[in-house]
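Colleague: have a look at this fold, sequence not included:
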């Protein structure tokens, strides 16, 4: 049952995102994830009243209330995790399950092994956060007096959003924070940004240099630039919902894609198979036109369903590690410059028709900073993973006795 639950979580994480989900408008860090400490640092800096009911923090083991003052729940990479810190990450992870995956504590409680998986993910969240501390110690990165002044300003700004100190504290509590923990989170978030700026941006210890990148991007074995026409499985499906039909012409391409997907998902298996066959036939037709010399960009405008091409009209730049579906990467690198592919199927999206273009070095020079960050992201993600794998974890006396009812 645990494997089934884990598979469900994994499937829910892998949401449809049209080829470049992690490369467009992503404010996450270069290690590919959003910092929990950053989320905590932002949580009180809002004048909107929290919808979360404040519950007094407590730990109950075998029906007995445990004194949590100075209670160490676990130690990660030599850093003691006290109860209030552990509690924050516990509910942070639980809220991720619920808000992102629709998995509630009721489901967890009723599913064999699910609570163990939750607790494991809490430790993973903590380890991910403490990579920052690990890298700070390893690279002599510390908070300066100026950083501490900025931290105080951040906290005062957060307080100013509330009429009284009591309201401010209540807002923190509704996010499973105390004033002390919030301060520590703001400090960690600041260190997190210093690590990003010092180690992972251009010129940093783990960053590819501009000269190195210029060589890489001009090597056709390492870098490719492609245009694509996406023909999704659902593109030929008729929309029957009257409200959707009324507004369809005014929708963005992304909204039209979603509307078609909704209509496709409502079909029977036989009807979906017929829709896929129609889409495949269209893909074959469009590929033939492209290979016969029809203007590729005009074909994108007429037949393409990838909203990303609207924002990346110059094409997608990618390495072998870019966060695209593997079929897309493989097909792109197999092409010679100015060559057009036949329909390439991805079980996630449908069919791609690709055209590989020469790398535009003027475009590269204009966007070299962001392109280096994107290029380095898989390597930095692996660095985070390696550090986390090496972290030693020890557990406090009550850890193994925690149940779904223990922490409030």
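Modeller: That came through, no problem. Since the structure is predicted, the reported quantities are computational estimates derived from the model, not experimental observations.
Colleague: by residue count, tell me the biggest helix in this structure.
Modeller: Looking across the chain with DSSP state H, the single longest helix is helix 114-138.
Colleague: next, the buried residues of that one.
Modeller: Buried positions in helix 114-138, judged by neighbour count with 16 or more other C-beta atoms under 10 Å: 114-115, 117-119, 121-123, 125-136. C-beta here means a position set from N, CA and C on the backbone, and glycine is covered the same way.
Colleague: mean confidence for it?
Modeller: For helix 114-138, mean pLDDT rounds to 97.
Colleague: next: stretch 399-408.
Modeller: The average pLDDT within stretch 399-408 is 97.
Colleague: what separates it from the chain centre, distance-wise?
Modeller: Distance of stretch 399-408 from the chain centroid (C-alpha atoms, centre = their mean, to the nearest Å) equals 29 Å.
Colleague: got a list of what residue 208 touches?
Modeller: Applying C-beta atoms under 8 Å, 6 or more residues apart in numbering, we find residue 208 in contact with 202, 216, 372, 375, 376.
Colleague: oops, could you answer that again for residue 333 instead?
Modeller: Contacts of residue 333 by C-beta under 8 Å, 6+ apart are 221, 224, 320.
Colleague: against residue 283, how distant is residue 113?
Modeller: Residue 113 is 42 Å from residue 283, where distance means C-beta to C-beta, to the nearest Å.
Colleague: with neighbour numbers in mind, choose between these two.
Modeller: Higher neighbour count among residue 113 and residue 283: residue 283, with 24 against 14, using other C-beta atoms under 10 Å.
Colleague: in a strand, that one, correct?
Modeller: No - the assignment for residue 283 (DSSP: H, G, I helix; E, B strand; the rest coil) gives helix, which keeps it out of a strand.
Colleague: what about the helices in the stretch 1-150 of the chain?
Modeller: Taking DSSP state H, counting those that start in this stretch, the helices of the stretch 1-150 of the chain run over residues 2-13, 36-43, 83-96, 105-110, 114-138, 145-160.
Colleague: out of the ones you listed, nearest to residue 324?
Modeller: Nearest to residue 324 among the helices of the stretch 1-150 of the chain is helix 2-13 (17.1 Å), distances taken as C-beta to C-beta.
Colleague: export the helices of the stretch 1-150 of the chain to a markdown table and tack on distance to residue 190?
Modeller: Converted to a markdown table, these look like this (distance: least, C-beta to C-beta, whole Å):
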| stretch | distance to residue 190 |
| --- | --- |
| helix 2-13 | 29 |
| helix 36-43 | 8 |
| helix 83-96 | 17 |
| helix 105-110 | 32 |
| helix 114-138 | 10 |
| helix 145-160 | 5 |
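Colleague: so which of these comes closest to residue 397?
Modeller: Closest to residue 397 of those, according to C-beta to C-beta: helix 83-96, at 12.1 Å.
Colleague: and the closest one with helix 114-138, angle?
Modeller: Here the directions of helix 83-96 and helix 114-138 differ by 120 degrees (axes from the mean of the first three to the mean of the last three C-alpha atoms, to 10 degrees).
Colleague: mind giving me the packing neighbours of helix 83-96?
Modeller: helix 36-43, strand 72-76, helix 114-138, helix 179-195 (3 or more C-beta pairs under 8 Å, 6 or more residues apart in numbering; DSSP states H and E).
Colleague: mind redoing it with 6 Å?
Modeller: Here helix 83-96 touches helix 114-138, going by 3 or more C-beta pairs under 6 Å, 6 or more residues apart in numbering; DSSP states H and E.
Colleague: for the helix it packs on, packing partners?
Modeller: helix 36-43, strand 72-76, helix 83-96, helix 105-110, helix 179-195, helix 368-390.
Colleague: wait, isn't residue 76 in contact with residue 128?
Modeller: No - taking C-beta atoms under 6 Å as the definition, residue 76 is not a contact partner of residue 128, at 10.2 Å.
Colleague: mind showing which ranges of the stretch 1-150 of the chain have poor pLDDT?
Modeller: 1-35, 39, 41-54 (pLDDT under 70).
Colleague: returning to what we had before: among the contacts of residue 208, the buried ones, what's the PyMOL command?
Modeller: Applied in PyMOL, the following selects the buried portion of those according to 16+ other C-beta under 10 Å:
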select buried, resi 216+372+375+376
